[in-house]
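Trainee: fold the following and give me the result.
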Amino acid sequence: MLRIRKVADATTAPNRAAIEAAQKIMREQFPLMADYDIAKLPDQLSNPLKHRFVSRLFVAENARDQTLGVALLLYAPDIGFSYLEIISTALGRTGRGIGATLYERVREEARALGTQLYFESLPDEPALSPNREIRASNANRLKFYERYGARPIINTAYETPIKPGQSDPPYLLLDPLGSNDLPSRDTVRKVARAILERKYGSPADYVQMVVDSIKDDPIRLREPRYTKPKAQKAAVRATNEPHIALVLNDDHAIHHVQERGYVEAPVRIRSIMAELNVSGLFERLPAKRFSDRHIRAVHDGRLVDYIRKACLIAGPKKSIYPYVFPTRNPARPPKDETVLAGYYCIDTFTPLNLNAYLAARSAVDCSLTAAEKVLEGANLAYALVRPPGHHAETRTFGGFCYFNNGAIAANLLSRYGRVAMLDIDYHHGNGQQEIFYTRSDVLTVSIHGHPSFAYPYFSGFRDETGIGAGAVYNLNLPLPEHITPEQHRNAVAEALRRIRRFAPAFLVVCAGFDTARGDPTGTWPNRAKDFEQLGHMIGEQGYSTLVVQEGGYRVRTLGTNVRNFFTGLVTGRSAARQVAPALARSAGQRSTARDGLEWRSAVMADDVGRVRSLVVSTGFFSAAEVEIAGELVTERLAKGVRSGYHFILAERGSGLVAYACYGPIDGTQTSFDLYWIAVAPEEQRKGLGVQVFNRAEAAMRKAGARHIYADTSSSDRYATTRGFYQRMGFCEEARLPDFYGPGDGKVIYVKTLHAAPTVGEGGQGVK
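Mentor: Model (predicted):
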């Protein structure tokens, strides 16, 4: 088995081993390469701003995780090109298709980034490569690339050696990736300059000479020398076309419990596939077979053995249901297999029979297959499985679940980087919580109905946060029995905020759709458009994401809801890709003081205290005013948009450093009030107040605002506040003498929104 895996960083033992193996290959295959350029590989992956390229390392591995080949792709988002710096097999591994497989994967990655692929290759001209043996080797390499349509860019001085007389200076090659559109002269000039300056640090006069030599517009490639054009493998499919790798549990249908009211039925998958087949978003992949060791790495071996044995005893026609729960004496379990069911199961409605085991075992294979696709670099993968898995714990099963599909996949992924699990099922993900409760490398987050009324009743409370090394690495967000879609999205926003702080390499979404309106197992009102918004919120985080199917039992709408969720996931992911180059272009111009800011508009429960603390820290407000600031947050949490209060919040790390509160003025159509804007003392006079206001103004404009009102004190203490409003384009509209107290009047400002947003400096504590 050959697997091409994308290595994100050196944070795990397998990743470090892969990087060290890649460095060994580089030293063996490129003996003239400077040791510094080899040693810097881990830093290249972790510090793109320093090296001015985003580095992507791909390794070819066998089933024993031995590294057989390596490719290093550099991406320059500020210019929009990809550069293949290294591609090589290990010694003794040539001629086995490893290099071709690596190159095809690199081409897919470059296409997915929206770029064409540039790289260097040594020349095949006698004048540039006088040694016949070396020249023949160079020609073989150029012949390999030519099969894919990659050829040298001609009519340039790129292959001019820096020092006269040096042999074998490289050509600059372009692989258009199947496109007939060749880049412009200006584009290639930028590319050549970036390669020579960022990679080599070449002298300025040499760089300018090469850049000026590029005159064709668009550029031209050398005519094919070794292959016929029709024989070239020019076509390439991006890793996101189709966007989502889909692994379907084909064996699920054999698990069909006929008892009335048993909602976990085969029709669930059929209803989903009916919608996904016409969506154009998915690529079906067959499931691979995996060893039981992956299951036993997560579940107690005695549980695994019992489920298999009891299911074999029951056979395909009958079922064993737990009816006695002998947990009082765990050291002396009963011998009778039917009685023993209650020793391992948490409820009375999860039957054991042969088909249940076969379907559950197949679901594990599907989840692991999809997880491997994510390891190979797929942005999105979907394990469409039943039975579900998120209620299965280390030593127990239940809730229709036998093996925890998501946790087993997350455990595999955790060998190669930190994993966050986000459970959006209506019911608490007690399984993954218990499995990873003492671990810090897997963050578990669950949004669910409060256990006071929702299955499994005994777990899912807010104060369950992990123990030992896993302390604070479990987050539960239990919600009331009846909520609005916006309240659900607010909880998802809070979950995503915690996940961002964790900074995972991979995200596993345990996707339950029983939060839908009319679901027989839930009470929440989400419709198709709400699932699309949820998908968009998750997708725009930009993580390599595995989605594992959990609940969802209203068959009439299940397929539509799933399709809309994935539509949102894809569009959110696309939005994240579009934002990334802009961020990269501005990264070098941002001051250190502004790095690390995160913005949100969703308000969370702990913001009541955080807003109060922020307002107090400014030193501008009375105790009564501080309470009012907190009350507005409480009102928003309780009533949602009906409260009339909207927020912009800025965080650095885990701290709230600035916020604004605004809303429409009752009885008006286009007038809004800026109720609060405040900036932490340590962040003042850095332009953060301007950023907060501009974001609030943009939101009010979008909501139809034509006038924004704000008021503050007329006392000398608030002179800076008044100056801030004036710089933001406000005009004084009225002044009410002695409003706050003798000699302390209220100044009312208004800003008419008929011009572009204002940019200025200043802003402290403002009321």
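Trainee: in stretch 733-747, what counts as buried?
Mentor: Neighbour counts over stretch 733-747 (16 or more other CB atoms under 10 Å) mark 745, 747 as buried. Bear in mind the C-beta positions are built from the backbone N, C-alpha and C, glycine included.
Trainee: same question but for stretch 76-87, I mixed them up
Mentor: Going by neighbour count (16+ other CB under 10 Å), the buried part of stretch 76-87 is 76-78, 80-87.
Trainee: now Ala157, what's its secondary structure?
Mentor: Of the three states, Ala157 takes coil under DSSP: H, G, I helix; E, B strand; the rest coil.
Trainee: CA atoms only for whichever helix or strand Ala638 is part of - export them in CSV, please.
Mentor: Ala638 is part of helix 623-639 when elements are defined by DSSP states H and E. Only the C-alpha atoms of helix 623-639 are listed here, as CSV (Å, rounded to 0.1, in the frame of the first residue of the first chain):
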residue,chain,number,x,y,z
ALA,A,623,-20.9,51.1,38.7
ALA,A,624,-24.4,51.6,37.4
GLU,A,625,-23.1,51.9,33.8
VAL,A,626,-21.0,48.8,34.2
GLU,A,627,-24.1,46.9,35.2
ILE,A,628,-26.0,48.3,32.2
ALA,A,629,-23.2,47.1,29.9
GLY,A,630,-23.6,43.5,31.3
GLU,A,631,-27.4,43.7,31.2
LEU,A,632,-27.3,44.4,27.4
VAL,A,633,-25.3,41.2,26.9
THR,A,634,-27.7,39.2,29.1
GLU,A,635,-30.7,40.6,27.1
ARG,A,636,-29.1,39.5,23.9
LEU,A,637,-28.5,36.0,25.2
ALA,A,638,-32.1,35.7,26.4
LYS,A,639,-33.9,37.2,23.4
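Trainee: give me the angle between the helix or strand just after that helix and helix 623-639.
Mentor: Going down the chain from helix 623-639, the next helix or strand is strand 646-652, by DSSP H and E. Counting by axes from the mean of the first three to the mean of the last three CA atoms, to 10 degrees, strand 646-652 lies at 110 degrees to helix 623-639.
Trainee: parallel or antiparallel, which strands does strand 646-652 pair with?
Mentor: Using DSSP bridges, the strands paired with strand 646-652 are strand 597-600 (antiparallel), strand 655-664 (antiparallel).
Trainee: what's the pLDDT at the most centrally placed residue in the chain?
Mentor: The centre of the chain sits closest to Tyr543, judged by CA atoms, centre = their mean, with a distance of 1.6 Å. Predicted confidence (pLDDT) for Tyr543: 92.
Trainee: swap in Asp744?
Mentor: At Asp744, the pLDDT recorded in the model is 91.
Trainee: from Ala605, how far out is it?
Mentor: Distance of Asp744 to Ala605, given as CB to CB, to the nearest Å: 35 Å.
Trainee: same question, Val615
Mentor: Look at Val615 and Ala605: by CB to CB, they are 17 Å apart.
Trainee: who has more neighbours, the two?
Mentor: For Val615 and Ala605, the more surrounded residue by other CB atoms under 10 Å is Val615, and the numbers stand at 23 against 14.
Trainee: and the more buried one, what does it touch?
Mentor: Neighbouring residues of Val615 by CB atoms under 8 Å, 6 or more residues apart in numbering: 621, 625-626, 629, 676, 678, 765.
Trainee: the same query, at a cut-off of 7 Å, please.
Mentor: With CB atoms under 7 Å, 6 or more residues apart in numbering as the criterion, the residues that contact Val615 are 621, 626, 629, 678.
Trainee: pretty sure it belongs to a helix, no?
Mentor: Yes. Assigned with three-state DSSP, Val615 falls within a helix.
Trainee: where does the residue nearest to Glu61 when sequence neighbours are not counted fall, phi/psi-wise?
Mentor: Counting by CB to CB, 6 or more residues apart in numbering, Arg3 is the residue found nearest to Glu61 once chain neighbours are left out, at 5.1 Å. Phi and psi for Arg3, reported as degrees, to the nearest 10, are phi -120, psi 130.
Trainee: distance of Ala503 relative to Asp9?
Mentor: Ala503 sits 10 Å away from Asp9, going by CB to CB.
Trainee: those two: which is more packed in?
Mentor: Neighbours of Ala503 and Asp9, each counted by other CB under 10 Å, are more numerous for Asp9; the result is 16 against 12.
Trainee: what pLDDT does that one get?
Mentor: What the model reports for Asp9 is a pLDDT of 84.
Trainee: which ones are touching it?
Mentor: Counting by CB under 7 Å, 6+ apart, Asp9 makes contact with 15, 45-46, 417.
Trainee: what's the pLDDT at the closest residue to Val191 other than its chain neighbours?
Mentor: Using CB to CB, 6+ apart and skipping the chain neighbours, the partner closest in space to Val191 is Phe81 (5.0 Å). Phe81 carries a pLDDT value of 96.
Trainee: quick one: the helices in the stretch 151-300 of the chain, in order.
Mentor: Under the criterion DSSP state H, counting those that start in this stretch, the stretch 151-300 of the chain contains helices at 185-194, 204-213, 267-276, 293-296.
Trainee: rewinding a little: of the contacts of Asp9, closest to Leu91?
Mentor: Taking CB to CB as the measure, Leu91 sits nearest to Asn15 out of these, at 22.0 Å.
Trainee: who touches that closest one in this structure?
Mentor: Contacts for Asn15 (CB under 7 Å, 6+ apart) come out as 7, 9, 416-417.
Trainee: which strand residues bridge the nearest residue to Pro504 once chain neighbours are set aside?
Mentor: Take Pro504 and drop its neighbours on the chain: the residue closest to it by CB to CB, 6+ apart is Ala420, 4.0 Å away. Beta-bridge pairing for Ala420 (DSSP bridges): Leu443, Leu507.
Trainee: pretty sure Ala409 sits against Ser367.
Mentor: Yes. Counting by CB atoms under 7 Å, Ser367 is a contact partner of Ala409 at 4.3 Å.
Trainee: between those two, which contacts overlap?
Mentor: Common contact partners of Ala409 and Ser367 (CB under 7 Å, 6+ apart): Val548.
Trainee: of these two, which one has the most company?
Mentor: Neighbour comparison, Ala409 and Ser367: the larger count goes to Ser367, with 33 against 30 (by other CB under 10 Å).
Trainee: tell me the gap between the strand or helix carrying that one and the middle of its chain.
Mentor: Using DSSP H and E, Ser367 falls within helix 354-375. Helix 354-375 has its C-alpha centroid displaced from the chain centroid by 23 Å (CA atoms, centre = their mean, to the nearest Å).
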